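>>> mind looking at a prediction? Sequence and model below.
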Amino acid sequence: MARPRKPTAELERKGAFRKDPQRRRARGNEPSPTGDLGDAPYHLRIAEKRAWEELAKMAAPGVLTNSDRWLVEIACGLIAKHRDRSPRGGLRSGELTSLISCLGRMGITPADRSKVGVPERREENPFSEFVAAEAEGRPN
């Protein structure tokens, strides 16, 4: 199976185009998510909603977005089925492979976690706001 294509933003963050600038591709054709993952859909069963909350907490901040909701929903259904203790519960080997694939695509498995590029979050320093106000000459 071919290796999944890395997003251009991730390649730029890692400096891939500094070495080979001719490999830069246009970013205009890559869609970008419009929001965060959000709460679990109302139609999920209780076990699936618990799995949703657990996955949302386990994923690195900023990785799962509203564009990933269907993938997360599939993974939650498989997790709930895996945890089902009834005689009909449990996953077949093909379903287990699908679950592992879903978790890998979300960067949850140890091997795939290193491949996920998380956007840097810069925390605001209260002192920098004070310095900026002083530089502009406005009172605090």
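Okay, I see it. Numbering: from 1, shown residues only.

>>> state the distance from the closest residue to residue 56 other than its chain neighbours to residue 70.
Distances taken as CB to CB, 6 or more residues apart in numbering place residue 37 nearest to residue 56, at 5.6 Å, with adjacent residues excluded. Backbone N, C-alpha and C define where each C-beta goes, glycine included. Distance, residue 37 to residue 70, using CB to CB, to the nearest Å: 11 Å.

>>> between the two, which is the more surrounded one?
Set residue 37 next to residue 70 and count neighbours by other CB atoms under 10 Å: residue 37 wins out with 18 against 9.

>>> dump the residue contacts of that one.
56, 59, 64-66, 68-69, 72 (CB atoms under 8 Å, 6 or more residues apart in numbering).

>>> tell me where the chain has helices.
8-14, 16-19, 46-58, 69-83, 93-105, 110-113, 126-136 (DSSP state H).

>>> how about these in TSV, adding distance to residue 31?
Output for the helices of the chain, formatted as TSV (distance: least, CB to CB, whole Å):
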stretch	distance to residue 31
helix 8-14	11
helix 16-19	20
helix 46-58	21
helix 69-83	14
helix 93-105	16
helix 110-113	21
helix 126-136	34
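
>>> need the winner for burial among those.
helix 69-83 (a mean of 18; mean count of other CB atoms under 10 Å).

>>> same for that one, what does it pack against?
helix 46-58, helix 93-105 (3 or more CB pairs under 8 Å, 6 or more residues apart in numbering; DSSP states H and E).
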